[in-house]
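>>> Model the following, please.
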Amino acid sequence: MTERRSVDPSHDGPVALAVRILTGSADLSGASCIGRAELFDPDLLAESLGYPDEAARWAAIQATCVGCPARGRCWAWVTELTDYRKPLGPTAASVLTPFSDRRRPRRVRFGHVDAS
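So this is what the prediction gives:
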């Protein structure tokens, strides 16, 4: 017989951290973007993902979101977030592209963002 153990989020450890991170998150199961995080990553350039430019990438994102079964839940979730908690990349609530052909990718070094 195995004994069930409950997770106490007040304890340290990776499971407790995951519980704290995911508590209050939206249930976006079945979303069309699952497994395609790089497409929505604002730190990656379109060319590095195989798109000719950011406009083509934006078109692919819009096509992914339009028929997504989780679009309503995504929109509701992101519109409830305060500005500093909103994802940097596009979501179902995005109406303008966050990507620009003239932008430079940000580099992250040791947890700090370098805009150079």
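
>>> Can you get me a residue count around residue 74?
As a burial measure, residue 74 scores 20 neighbours (other C-beta atoms under 10 Å). C-beta coordinates here come from the backbone N, C-alpha and C atoms, glycine included.

>>> would you say residue 18 is within a strand?
No: with DSSP: H, G, I helix; E, B strand; the rest coil as the criterion, residue 18 is helix rather than part of a strand.

>>> measure it to residue 39 for me?
24 Å (C-beta to C-beta, to the nearest Å).

>>> Mind checking which of those two has more residues around it?
Legend: neighbour count by other C-beta under 10 Å for residue 18 and residue 39, higher for residue 39 (17 against 12).

>>> Tabulate the CA atom coordinates of the strand or helix carrying that one in CSV.
Per DSSP states H and E, residue 39 falls inside helix 37-40. Extracted C-alpha coordinates of helix 37-40, given in CSV (Å, rounded to 0.1, in the frame of the first residue of the first chain):
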residue,chain,number,x,y,z
ALA,A,37,6.1,29.1,-27.7
GLU,A,38,9.0,30.2,-29.9
LEU,A,39,6.5,31.7,-32.4
PHE,A,40,5.2,34.0,-29.6
